[in-house]
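Participant: sharing a model prediction with you, sequence too.
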Amino acid sequence: MYHPQSSSPSDSGTENLIIEIDGESKRAKRFPWYYAPTYLLFWVGLFFAVIYPLFQALPTGIKISEESEKPGRFVAERAQAQMLQITQMGPRVVGEISNEVTIVNFLLEEIEKIRQLMRADLYEMEVEVQRVSGSYVIKGLTNHYQAVQNVLVKLSTKSSNSSNYLLVNSHYDTKPGAPGAGDDASMVVVMLEVLRQVAISENSFLHPIIFLFNGAEEQPMQGSHGFITQHRWAANCKALLNMDSCGAGGREMLFQGGPDHPWLMEHYRSSVPHPFATTTGEEVFQAGVIPSDTDFRIFRDFGVVPGLDMAGVYNGFVYHTAFDRYTVVSRDSLQHSGDNLLALVRSISNSVEMYDTEAYSEGHAVFFDFIGLFFVHYQQSTGVALNISFSLGAIILVCISLWRMSQVSGQTLGTYAGAFGLLFLLALAGVVLALVFPVLICVFYDAGNRTLTYFSNSWLVIGLYICPSVIGLVLPMTLYLTHCPSAKIPHPYHLQIVGHANCIMLAILCLALTALNYRSAYLFLISLIFYVAALIINLATRLHCRGYLWSYLLGFSQIIPFLYHAYLFHTFIIILLPMLGRFGVSVNPDLLIAALCAIGTILALSFAAPLINLFRRPNCMLGGLALIMFIFCMISVSDVGFPYRPKTNVMRADFMQVHRRFFEYDGSMSLEDSGYYFHLSDRRKDAPLQGSMNLTGLIRMDEDCGDSELMCGLPCYRYCSAKKHALWLPREELVELPYPTTLQFLNKTILDGGHQVRYEFLLTGPPNMGLFFQPLAGVKILRWTFAQGMLDNPATYRPPLNVLLTYGIDSTPTHFFVELSKDDGNFDEPVFEMGVSGHYFSSREKRDALSQQFLATLPDYAFAMEWPSSYERYVF
């Protein structure tokens, strides 16, 4: 029997509650205020002592000299030497000799070396170079390609009769100007070494393995489309391992799986020695938050091949720049990727599931690693059951706890229910403030043109976003507990109810995300599991009635959730922070980082942070956090907060040197001019360039681009939705192009019925060109040479229509037609406008003298993916 007694009147409310337990009295006292900083520093120390080193941990790269001692192991030193050879070839853009000849020959030579070492008594190897042409619609454009190349290896066990293949893919082409060590030479050499180890192993496998060295991923994803839609082996590919990168070095993350094939996750769990994966990453990626894509999309959508999509995610600052070099990918990083891929290849190529993969198609999986130590996965249906069970269980246990408190304290259950309701609202307000405070900082910084202050010094997010988030999270309840003590409910109980309120809030969020079919509800489940476990023990042992003793168990129980959530959101910040340098100019990128910091803080500290009220003067701790925030703000507005650094954290200032010509319906040229077409990638726009480059006369296309001119008169490349945010800098001297892009008008034929017409053209130019079609009033495009997807869905794809043309090893001019209808059948007047652009990506194509002088003024902290380009607008 528990008998509460009031403390002396001088105590604040019932803070120093005396509870009798089996006749023994215990006084509950809060801890001295000077222990509070130690408590907060414990969590900070936990992050730097556990999470940070585990995130950075990599296996030691195996040397060639150690191969005899470690047979069957991936040898990183050999892969590293091959990566050096590849990056020394320079940028490898589709259509360039380096991509179509040099690296293809290199791969064939390396594969032949492996063939010479292969256990010919066990295996047989087929090697070929696929040259493929095709056309398809992707992301608002029609992607038309000619003679792009893939290098293919099929490795089979002679004793196996399986006709189901495992497909392993990476790409060897790059963006203009990028050596592509991380993206994606590192994965190419990993595949070569895995092929070698499998081919020389005495341990055979059941199912043939296709190694696809993809020669056109950056265009985008033409090589994978050509293979999966046209190659004779494609129909037999039943599982995929896709290897890509959005950075250089570090660990590769499994961020997409399936879909609907959880057996692949079981192979990942049972075989991979260095797990790194999250369901949340998959949902974020598929929501389009990340400005990238991979071949996984093509294999999934066009080939219906389930698989695992893995990518290097560290050091995205050098991604698609000249600084993605051999030196930024460590041998240990290659070992990490190689160990994982080799284990997966061996496991899946020997799997029973490969005989009939559809029989094992059982829905989505929830998957994640725990701070790199082990991997967890279960089916989504299991996740739903777990989410509902623990959420409802948490609600029931909280009700039991409130009832027990009322019985012990002698107060009515209504008193505790009312207190819970109020604290629930305060907890909700805390979550709102935890989000609002960092967002307000983002808004103020954006208004002062101070975005991306953390871009080179990521530690600034601690003071800029995490500290204000912690303040917001605990501010409402701390103010209430400090200034509105209850005469009926003792402080230890009040503080427990704070935890209960947070528990119910997380349970509601878990149920809501589950109802919305988000697998990321598991994040809330992790927090609930450990809170519920602590609550059960506290109830069973009566610790919750013994002053503050319950808080020891609660604090201890939060270590695991803190470690996981802090690890996960640290991972997201490491991945996404470099991407904000190419996030576009229209969105404040700080909002994303602030939101990540706030959500991570809420999940990691929702139960631990309110425990600062165990200590006297908790307001002082909030004041201390506010002081830290102020200091970090002052640092961020100094030179330390300037976003960019040479070579390591560069500004992306991509631009074209454009030669434009505008032709009218009668064939006359109405305008010929030149200028620099800038496509800037971050929120600071052109301000960081103004000090070193002469940008006098710069035109912002959002002010100058109306509907009167097709594509704003710009040769936008690939995805053109951002053209209105582009910049145009006129120059007096015409840009000298390496050679012309020529459109030859061949024929115009009025078709049967008189209301349709067919135009035929021949297009000659560089390996990368673009076409833009704008039918005039009363005109509709019916058919053309290219994929019909855009024309078949006019409600989705509205003019102007964009066609990307690419050729690889074969530069034969493109012959194409377009058929249109016109309401009045009058084709003796303008029918449609067509824009033609040519893009001279090759670094061997010399830039004219004025362009070189202009490029030389680029500041050392900026990188320009630049090339000459032509644009002609015709009226037919």
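Facilitator: Looks like it came in fine.

Participant: how near is Ser133 to Tyr717?
Facilitator: 20 Å (CB to CB, to the nearest Å). From N, CA and C alone the C-beta is placed, and that goes for glycine too.

Participant: likewise for Pro646?
Facilitator: Counting by CB to CB, the gap from Pro646 to Tyr717 is 26 Å.

Participant: and the most centrally placed residue in the chain, its phi and psi?
Facilitator: A centroid search over the chain (CA atoms, centre = their mean) returns Ile290, at 4.1 Å, as the residue closest to the centre. In this entry, Ile290 is assigned phi and psi values of phi -90, psi 130 (degrees, to the nearest 10).

Participant: so what's it up against?
Facilitator: Cys246, Val284, Ile575, Leu576, Met579 (CB atoms under 8 Å, 6 or more residues apart in numbering).

Participant: can you check His494 too?
Facilitator: The neighbourhood of His494, defined by CB under 8 Å, 6+ apart, consists of Ala419, Leu423, Leu481, Ser486.

Participant: low-confidence ranges in this protein?
Facilitator: Residues of the chain that meet the criterion pLDDT under 70 lie in 1-28, 703-704, 706-707, 719.

Participant: picking up where we left off before, now, which of the contacts of His494 sits nearest Leu413?
Facilitator: Within the contacts of His494, proximity to Leu413 (CB to CB) peaks at Ala419, which comes in at 10.7 Å.

Participant: my guess is the closest one contacts Pro485. True?
Facilitator: No: at 11.7 Å, Ala419 and Pro485 do not qualify as touching, with contact defined as CB atoms under 8 Å.

Participant: OK, contacts around Arg683?
Facilitator: Residues counted as contacts of Arg683 (CB under 8 Å, 6+ apart) are Asp446, Thr451, Leu452, Phe583, Gly584, Val585, Val587, Asn588, Pro589, Asp590.

Participant: which of these fall within helices?
Facilitator: Members of the contacts of Arg683 lying in helices (criterion: DSSP state H): Asp446, Asp590.

Participant: ranges for the strands of the stretch 301-450 of the chain?
Facilitator: Secondary structure of the stretch 301-450 of the chain (DSSP state E, counting those that start in this stretch): strands located at 307-312, 365-370, 374-379.

Participant: next one: the stretch 1-150 of the chain
Facilitator: Counting by DSSP E, counting those that start in this stretch, the stretch 1-150 of the chain forms strands over residues 2-5, 18-21, 24-27, 123-138, 141-157, given from the N-terminal end onward.

Participant: which one, of those strands, ends up nearest to Pro476?
Facilitator: Minimum separation from Pro476 across these (CB to CB) falls at strand 2-5, 26.7 Å.

Participant: and Ala419 and Pro485? Which one has more around it.
Facilitator: Neighbours per residue, other CB atoms under 10 Å: of Ala419 and Pro485, the larger number sits with Ala419, 22 against 16.

Participant: quick check: that one vs Leu402, distance?
Facilitator: Note on Ala419: its distance to Leu402, by CB to CB, is 9 Å.

Participant: again, but for Thr741
Facilitator: Relative to Leu402, Thr741 is positioned 75 Å away (criterion: CB to CB).

Participant: helices along the stretch 351-500 of the chain, start to end?
Facilitator: Remark: helices of the stretch 351-500 of the chain, listed N- to C-terminal, are 380-409, 413-447, 460-461, 467-483, 491-515; assignment by DSSP state H, counting those that start in this stretch.

Participant: between those, which gets nearest to Ser851?
Facilitator: Among the helices of the stretch 351-500 of the chain, the nearest to Ser851 by CB to CB is helix 413-447 (33.1 Å).

Participant: buried residues, that closest one. List them.
Facilitator: Within helix 413-447, the residues scored as buried using 16 or more other CB atoms under 10 Å are 415-416, 419-420, 423-424, 426-431, 433-439, 441-442, 445-446.

Participant: from the chain's centroid, how far away is it?
Facilitator: Centroid separation between helix 413-447 and its chain, computed with CA atoms, centre = their mean, to the nearest Å, is 29 Å.

Participant: and that helix with helix 467-483, angle?
Facilitator: Between helix 413-447 and helix 467-483, the angle comes out at 150 degrees (axes from the mean of the first three to the mean of the last three CA atoms, to 10 degrees).

Participant: just checking, what packs against helix 413-447?
Facilitator: For helix 413-447, the packing partners by 3 or more CB pairs under 8 Å, 6 or more residues apart in numbering; DSSP states H and E come out as helix 380-409, helix 467-483, helix 491-515, helix 590-605.

Participant: can you put those in a markdown table and add distance to Phe31?
Facilitator: Putting the helices and strands packed on helix 413-447 into a markdown table (distance: least, CB to CB, whole Å) gives the following:
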| stretch | distance to Phe31 |
| --- | --- |
| helix 380-409 | 22 |
| helix 467-483 | 14 |
| helix 491-515 | 12 |
| helix 590-605 | 18 |
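
Participant: tell me which residues touch Ala365, please.
Facilitator: By CB under 8 Å, 6+ apart, the residues touching Ala365 are Gly257, Gly258, Pro262, Met265, Thr279, His377, Tyr378, Gln379, Gln380, Arg519.

Participant: next, count neighbours for the closest residue in space to it that isn't next to it in sequence.
Facilitator: When the adjacent residues along the chain are set aside, Ala365 lies closest to Pro262, with 3.9 Å between them (CB to CB, 6 or more residues apart in numbering). Per other CB under 10 Å, the neighbour tally for Pro262 reads 24.

Participant: can you pick the most crowded of the contacts of Ala365?
Facilitator: For the contacts of Ala365, counting by other CB under 10 Å, the largest number of neighbours falls to Thr279: 27 neighbours.

Participant: I'd say it and Arg519 touch.
Facilitator: Yes: Thr279 is within contact range of Arg519, at 4.7 Å (criterion: CB under 8 Å).

Participant: any common contacting residues for the two?
Facilitator: Here Thr279 and Arg519 have Ala365, Val366 as joint contacts, going by CB under 8 Å, 6+ apart.

Participant: helices of the stretch 751-876 of the chain, residue ranges please.
Facilitator: When assigned using DSSP H, counting those that start in this stretch, the helices of the stretch 751-876 of the chain occupy the ranges 789-792, 849-856.

Participant: out of these, nearest to Gly765?
Facilitator: helix 849-856 (18.8 Å).

Participant: can you report how many residues neighbour Ala49?
Facilitator: Under the neighbour criterion other CB under 10 Å, Ala49 is assigned a count of 10.

Participant: Arg232 too?
Facilitator: Residues within reach of Arg232, counting by other CB under 10 Å, total 8.

Participant: how close does it sit to Leu820?
Facilitator: Computed as CB to CB, the Arg232 to Leu820 distance reads 37 Å.

Participant: likewise Val470?
Facilitator: Look at Val470 and Leu820: by CB to CB, they are 62 Å apart.

Participant: just how off-centre is stretch 668-687 within its chain?
Facilitator: Distance, stretch centre to chain centre, for stretch 668-687: 29 Å (CA atoms, centre = their mean).

Participant: can you get me the start-to-end distance on it?
Facilitator: One end of stretch 668-687 to the other measures 39 Å (CA to CA, to the nearest Å).

Participant: please enumerate the helices of the stretch 1-150 of the chain.
Facilitator: 36-46, 52-56, 76-87, 97, 103-117.

Participant: circling back: joint contacts of Ala419 and Leu402?
Facilitator: Overlap between the neighbourhoods of Ala419 and Leu402 consists of Ile497, taking contacts as CB under 8 Å, 6+ apart.

Participant: could you count how many residues lie near Pro273?
Facilitator: Around Pro273 there are 10 residues (other CB under 10 Å).

Participant: contacting residues around the residue lying closest to it once chain neighbours are set aside?
Facilitator: In space, and not counting its chain neighbours, Pro273 is closest to Asp339: 5.2 Å by CB to CB, 6+ apart. Contact partners of Asp339, counting by CB under 8 Å, 6+ apart, are Pro59, Arg73, Phe74, Val272, Pro273, His274.

Participant: show me which of those residues are buried.
Facilitator: Neighbour counting over the contacts of Asp339 (16+ other CB under 10 Å) leaves Pro59, Phe74, Val272, His274 as the buried ones.
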